[in-house]
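Colleague: Predicted model and sequence below, questions to follow.
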6 protein chains.
Amino acid sequence: MILRLDRIGVELPPPSDPDPEGAQAVQELLGGKFGEMSTWLNYTFQSFNFRARQGARPFYDLLSSIATEEFGHVELVSLTINTMLTGASAVDDGKAPEAALSSLKGVGNPHHFLAGGQGALPQNSQGRPWNGDYVFSSGDLIEDLTHNFFLETGARNNKLKVYEMVEHPAARALTGYLLVRGGVHQVAYARAVEHLTGADLMKLFPSPRIPTDKIPESKPHIERGEHTKLYRFSQEDFGEVGAVWNGAHPETGDELIVADVPHPVGAPAHDLPPQPAVFAPDNAPEEIAEIAQKLRKKAGLPDEPTGLVSEESQELMGALTSKVRG
Amino acid sequence: MILRLDRIGVELPPPSDPDPEGAQAVQELLGGKFGEMSTWLNYTFQSFNFRARQGARPFYDLLSSIATEEFGHVELVSLTINTMLTGASAVDDGKAPEAALSSLKGVGNPHHFLAGGQGALPQNSQGRPWNGDYVFSSGDLIEDLTHNFFLETGARNNKLKVYEMVEHPAARALTGYLLVRGGVHQVAYARAVEHLTGADLMKLFPSPRIPTDKIPESKPHIERGEHTKLYRFSQEDFGEVGAVWNGAHPETGDELIVADVPHPVGAPAHDLPPQPAVFAPDNAPEEIAEIAQKLRKKAGLPDEPTGLVSEESQELMGALTSKVRG
Amino acid sequence: MILRLDRIGVELPPPSDPDPEGAQAVQELLGGKFGEMSTWLNYTFQSFNFRARQGARPFYDLLSSIATEEFGHVELVSLTINTMLTGASAVDDGKAPEAALSSLKGVGNPHHFLAGGQGALPQNSQGRPWNGDYVFSSGDLIEDLTHNFFLETGARNNKLKVYEMVEHPAARALTGYLLVRGGVHQVAYARAVEHLTGADLMKLFPSPRIPTDKIPESKPHIERGEHTKLYRFSQEDFGEVGAVWNGAHPETGDELIVADVPHPVGAPAHDLPPQPAVFAPDNAPEEIAEIAQKLRKKAGLPDEPTGLVSEESQELMGALTSKVRG
Amino acid sequence: MILRLDRIGVELPPPSDPDPEGAQAVQELLGGKFGEMSTWLNYTFQSFNFRARQGARPFYDLLSSIATEEFGHVELVSLTINTMLTGASAVDDGKAPEAALSSLKGVGNPHHFLAGGQGALPQNSQGRPWNGDYVFSSGDLIEDLTHNFFLETGARNNKLKVYEMVEHPAARALTGYLLVRGGVHQVAYARAVEHLTGADLMKLFPSPRIPTDKIPESKPHIERGEHTKLYRFSQEDFGEVGAVWNGAHPETGDELIVADVPHPVGAPAHDLPPQPAVFAPDNAPEEIAEIAQKLRKKAGLPDEPTGLVSEESQELMGALTSKVRG
Amino acid sequence: MILRLDRIGVELPPPSDPDPEGAQAVQELLGGKFGEMSTWLNYTFQSFNFRARQGARPFYDLLSSIATEEFGHVELVSLTINTMLTGASAVDDGKAPEAALSSLKGVGNPHHFLAGGQGALPQNSQGRPWNGDYVFSSGDLIEDLTHNFFLETGARNNKLKVYEMVEHPAARALTGYLLVRGGVHQVAYARAVEHLTGADLMKLFPSPRIPTDKIPESKPHIERGEHTKLYRFSQEDFGEVGAVWNGAHPETGDELIVADVPHPVGAPAHDLPPQPAVFAPDNAPEEIAEIAQKLRKKAGLPDEPTGLVSEESQELMGALTSKVRG
Amino acid sequence: MILRLDRIGVELPPPSDPDPEGAQAVQELLGGKFGEMSTWLNYTFQSFNFRARQGARPFYDLLSSIATEEFGHVELVSLTINTMLTGASAVDDGKAPEAALSSLKGVGNPHHFLAGGQGALPQNSQGRPWNGDYVFSSGDLIEDLTHNFFLETGARNNKLKVYEMVEHPAARALTGYLLVRGGVHQVAYARAVEHLTGADLMKLFPSPRIPTDKIPESKPHIERGEHTKLYRFSQEDFGEVGAVWNGAHPETGDELIVADVPHPVGAPAHDLPPQPAVFAPDNAPEEIAEIAQKLRKKAGLPDEPTGLVSEESQELMGALTSKVRG
């Protein structure tokens, strides 16, 4: 079982200029063969399928912890795409379907507008759906870990290239962060293989061979030591990760440590404004809000929503909504 | 972000007679169009893509809570499949590849043995991989909820049929439980649509039109009131679900209530024995155990693994391992 | 636009011994690369995409007529599969989900039972869904016709092999008929290419090189001259097919003629009995019938259903239903 | 069996400015998960798989009638795409392959030009082929109808968005018409579920929540009452639809009625001009025409083609051909 | 078994202006349904599956020879795509990931940059992967040959259209050559069918009906007689192709002859310059070169690489590398 | 370009008892994610896409040599499947389609009989087609090599499991050989990574951790030193492989050497007997033979076929043909 927090792993910038073609590219990091859905679901299935786990507890704990962090990465990529698509549809009275999407004809992934509500899709940069063939779970521990090291290497390649292709501030904040945290996982799997076989893999880093600290948006995270920390992403379990996650970081030489909190502090998400042209959450969102308010009252809930969103969300919703509504 | 617990939602029976053809059928509940991966990822993506969520907070909270429970269902189906496949490969000295899989030629899903380690796969009962086309996330709240009601209806259909096809005790424990908990989600989405539109959907229950309490394995859960409880699956968030989840249960008339604990107590999983014929976790699992033990010592961990598994696991590992090893 | 008749192209035998593995094989003729969905949708799309059709009217009319017949072939294959699956699920009180599908575990296409209601699926014999890549519509008339000749050749191959594999009387009645009518289409496309290019293709027949009249179930249709007749499948249109469809039949030497009625007389379909174990049309079909009867009354319809089904359907429904219900 | 009419359901405007990117978007309405191929084939398969149909005749008749209308919608979307692609390839002498497609490099769906002949494809807006996984046919009547209501809701969403994205007159004529006729089907399935379960679904309309009469191109059809009429699309069969299709229209309150003619009058299609750059129907279409004329003569057909095309087709063929030919 | 030569079948021009959208289109000739991977793998599988080959030796030899040539065509298309993509990424110091791919956002196939290293992919022009459903290998010789004739016809169609769409010199050199050599294969399969059945297919040429010698880039190859020559692509085997490959060429009337050398002379490939922005072969290619040089020394190899590349490669590598490096 | 030899890499046993379920399993080694089509096409594409190859010549030569060997492995797996399927269809007069495939209903991969001619398919053990997503070609040399090492590890896993599942002598001969030769490639890629990065990977062997010499069918190949030899598979090129392929074998300590002949001697293939029930190569193969003989005569070829097949083929064809013909 899992519990969910209404917080995301790192702060993302609010919507600015929409970038549908950038959002199309960022989809590779979500639904691509090496995207976050792949890392998430590979490790999750491997943890489900882990046999004789008591005898190999530190490895089971490592897999489970990393798998759990990956959910948060899928969340971050998804919110980035939502952010980049905000404001892309044209403004009219927000009610009548004139030609609010006409400027998006032939632009980016058509499903962002025709199928979805200017939101994230389980697809890659070509609009092809993620599929279960991207999961490798042989049950053979050394082999699964070898695979995972390779998977993280491919993932790092894709993050670097999306970084190079997309300059939108949300995409850069995302990739800067993911490069650091993905790097932790890449090292973790290499270390695990080393412990099990005696092979020495640290010289493979960095792979691709660009030092992570050359990425300006990664630097602050490295300075905060995020490249050395493994979080357990569990309140009480997975206490044996430290038996694998130890030694020196192959790029910086810093000591690898297990975080003493279960997860990064993170931040509340932005409450992104409605996009009435695509009926998200409705072509007349205020009607939804009205109904919800009545239901909340009836249930004895306070006047203000109890869920947390970013501080700028209030303002954002105002400013951007008025921009969206014209 | 999410946190993971090393516990599963409901107790599953330990491995008994292996049932590879049953496991092939149960895969429909995992990677089928209406399987748990679909419910899980549909609601998860819808929650990520939820715009103007503060104005519709009770609905966002509902979606997020249910999405989070679904992870646990994916976990349960996966462990059931693992349980049913345990012991399916033949016994020899556990080291040499004689013909340990020969009795499985032409039986069930060949990937259970050739690709995986007698474990769960993100595939349906035909061996076709789950794919992102199974996710519907239009951003239009009423439409997404209408979809979700239908999705749960299709899922209930599939669970009933797998129940009818597979008599293995693990499969029956699984479907008995999922029918009750899936029923909660089916009602929840119907209620949400009712609140938003005024339409009256309670008369659609049960759908398919078989009362859930006719399923012997569902009965105990109904008697414990599990069909009326919504868990938030969050320590502190998603506090507004009660604004949607209320009224009378359409089948039993019982009052719908929000659980006062974040999640069911559940149970620790079984530690399933190795299957050396498929190298899970290795063809010589004791070598993995030995290395792990050394690493644990070096890390200052206690002699016994700190992770929890079911009480019968110790015994199970002994008995079944000796069965597996011959 | 099309109009539909509640009749099928040829009489099929009623359900007898169920044959789920045979039904799995027959799916190749429905959703396979060379199945009837392929012939149907290839010619249909080619007819939609036909440019400058007035100048090439006889060819447009030919394509459209054959496309329209193919719908009836899809219908026949579907009904055959339904027939073969009737009675496959076990009998109990028809209401409670005990283990009514347990004898079908590991048998045939699992989707026939878990996803569908013992009915036809748009899938091939391997359970893979038909897809649009099977349609060729280049717009180049000669090329499209060359393709169609090849497609019919592949289709004939598959029909012959399904004939050899499946002895169920419904499957044999189906393939015997389709071999004759598919043969008409194969000749038609060859003739069309001949007319357009001057090439002589008649020596390619039969392909595969088994004379159709060696198939006992095809013989009666040949004796009735069905191998020489092109139906227009239109009340008033497609009157120019005779400009292409003429000359001697390459196998028998008989003259090719345009039928003077728009379609074969055919027969009403059987009304296949319910299969309550898979909820088709419900786990308590009599409740559906009751509601329908009330609605019919309210609408001033006569007491007996006005739609036609085969004469033995009454009896069939009684006999088989009681068999199904135990 | 079906019969085909050489007429389309509603008049479409003739080709004007080509719009390949618009055509790419319109493909979603053809081969998308919620496109017309999906509605068509879902209802068609459900009608084939309908068990115990005599006892539920009004529902069988409803499904069959609607299924049959959907063929005409697939036809309309296809012709719209053909219309929008007409004239997109550059003009030269129509014979030599210079660079007639160079302006289309990187524009729209490349298969419109490289694979097809500037015609419709069984693909969605991303160029992915339609597939059989989009068909739901459980055999459970209530469930199938619930699905169909949802399917029509998704289809309406996609039509509205394509309307907003594509301003080409053919696309607008198409979507204006389909919104009205699709609305009939959406209501029909909701009514059917109501009749069977007693649930009240009329308050779900419109869904998405934009009144159809706000669409200028839908209005004339509503004014003609097309939103209240169900056609049987059969000369003699399916006479019991009125037992389900009755009551008040949920948006306008008008009475739902069964049309006293089997199908809308409709119109002959345009005969779209050749596109020699893509060899449709040939790189020298006049040679095809010459051969056809000879064959027609030999068959004793009149000098003028006997098939009907739109009145402006003569002119169109002249004007546009000369435009195409330069 | 096969042996490989480090030479390509025809000289290709060196990189000039990059053309990513052209490269996207050319992918159709590689991974499309009618691309070179399809011709290659169809004939290769047919040759593996050829039963009773001694009795049909000339046909087996023909299939095997043509299959073997197709490898070289896959190679040529791949190198063309590489050539067209060279220089597409922006120039900086070649080391830091600034925004080197930003000008490629939304341009062409995103996988050319995000997944690959500005190289060829086993995908079609829509970015969909080639798949095994494109292979037809029925084992029925006449049927396989009929298919192959049709496959070559479709392939010729696609080559002509890519020619019309893409004016890049490498693409034109490629298509000009492939049209001639593919034409040989189209004739060969038609001749084989003729020999086996007596049907006369020569009048089907050319198909599509554009004489190959109207393509300026094909002319020189025709003048060299390449349209009449079948190469055995084997040092010692496949000596019986002449029993099928004989008679007059259907377009030119020239005599069909078996080449007296096993393969065309061809040319060495260009050594294409690194693209450090996509880490091909590394972000610091000189480090790879340095390591390789040390390994070569240690292995006693001469100072200069012993492999052959085109003469302009030296110059090319200098000029373009400095362009790439800025 | 490549040249083909009419020889296979290792002798395979002649057909014996047919084993369709075994053949289904062996398909995993052909068209599975880790099958020989994957290794073949991964390395082939990587070699085509290799930039700046002169500077990294030993690595380019290594990739190209191994890629070329993989063709021969695809060939061997295909012939094994053909061998195992020989004799599976029933015997009658070989001409009439009675029920020659009825014993194969529900057995193995239905496409082996319905689509193919009892031959190999580009599909995996589940009947799903191989697809281009299985190819990884990033252009980044270290990353591609890391991938290749992992790919060979997964391939070794699959070969071991197919070995355990399928006892048919042809399958055992195949896997015994492939385990040795695949092992060479696994070591080669590990060595290449070591040379480029300095990491030490030899301790990863064997992976999976079963010594290859425990496989009886592998032993003779190891005794002949085949585990230490790299063949260049080129008459004149790829001379620099020795700069990478050197040092000690990680399992046996033997010295890695470059073979002084371009390829293994191998053996001629068996000429497998016709299977008239599936029309391979025809339902009356002697007619094909007769035509071929006439063509051969006309072309001045000797009376006996000039192509080489195994010595036992003559006998085999007689014995098995008579068995097949009854």
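Modeller: Noted; the coordinates are in hand. Note that the structure is a prediction, hence the values are computed from the model and not measured.

Colleague: how far away is the residue of the stretch 51-200 of chain A found nearest chain D from residue D:89?
Modeller: Closest contact between the stretch 51-200 of chain A and chain D, by CB to the nearest CB, is at residue A:106 (3.4 Å). Bear in mind the C-beta positions are built from the backbone N, C-alpha and C, glycine included. For residue A:106, the distance to residue D:89 equals 17 Å [CB to CB, to the nearest Å].

Colleague: for residue A:74, same thing?
Modeller: Where residue D:89 is concerned, residue A:74 sits at a distance of 43 Å (CB to CB).

Colleague: Need the mean per-residue confidence for stretch A:152-163.
Modeller: What stretch A:152-163 shows for mean pLDDT is 98.

Colleague: is it up against chain F anywhere?
Modeller: Yes - against chain F, stretch A:152-163 shows contacts by CB under 8 Å from any CB of the partner chain at A:153-154, A:157.

Colleague: cool, and stretch A:211-220?
Modeller: No - interface with chain F: stretch A:211-220 contributes nothing (CB under 8 Å from any CB), its closest point being 14.7 Å away.

Colleague: which other residues reach that stretch?
Modeller: Stretch A:211-220 has contacts (CB atoms under 8 Å, 6 or more residues apart in numbering or on different chains) with A:160, A:163, A:172-173, A:175-177, A:179-180, A:183, A:206, A:222, A:227, A:251-252, E:95-97.

Colleague: Only whichever of those are buried, select them in ChimeraX.
Modeller: Buried members of the contacts of stretch A:211-220, defined by 16 or more other CB atoms under 10 Å in any protein chain shown, are picked up in ChimeraX with:
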select /A:160,163,172,173,175,176,177,179,180,183,206,222,227,251 /E:96,97
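
Colleague: quick one: which helix or strand includes the residue of the stretch 51-200 of chain A closest to chain D?
Modeller: Using DSSP states H and E, residue A:106 falls within no helix or strand.

Colleague: Is it correct that it is in contact with residue D:104?
Modeller: No - in this structure, residue A:106 is not within contact of residue D:104 by CB atoms under 8 Å, at 11.8 Å.

Colleague: neighbour-wise, which of those two wins?
Modeller: Using other CB atoms under 10 Å in any protein chain shown, the more surrounded residue of residue A:106 and residue D:104 is residue D:104, with 26 against 17.

Colleague: Please tell me how far that one sits from residue E:175.
Modeller: 16 Å.

Colleague: cool, residue A:89 as well?
Modeller: 40 Å.

Colleague: Any part of stretch A:167-178 near chain E?
Modeller: Yes - if you take CB under 8 Å from any CB as the test, stretch A:167-178 does meet chain E, through residue A:167.

Colleague: got a list of contacts for that stretch?
Modeller: A:9-13, A:15-17, A:19, A:22, A:25-26, A:29, A:36, A:73, A:76-77, A:80, A:83-84, A:159-160, A:162-163, A:166, A:215-221, E:99, E:102.

Colleague: Would you list the buried entries among the residues you listed?
Modeller: The buried subset of the contacts of stretch A:167-178 - by 16+ other CB under 10 Å - is A:9-10, A:12-13, A:15, A:19, A:22, A:25-26, A:29, A:36, A:73, A:76-77, A:80, A:83-84, A:159-160, A:162-163, A:166, A:215, A:217-218, A:221, E:99.

Colleague: Quick check: residues of chain A near chain F?
Modeller: Going by CB under 8 Å from any CB, the residues of chain A near chain F are A:33, A:133, A:136, A:138, A:140, A:142-143, A:146-147, A:149-150, A:153-154, A:157, A:193, A:197-204, A:207-209.
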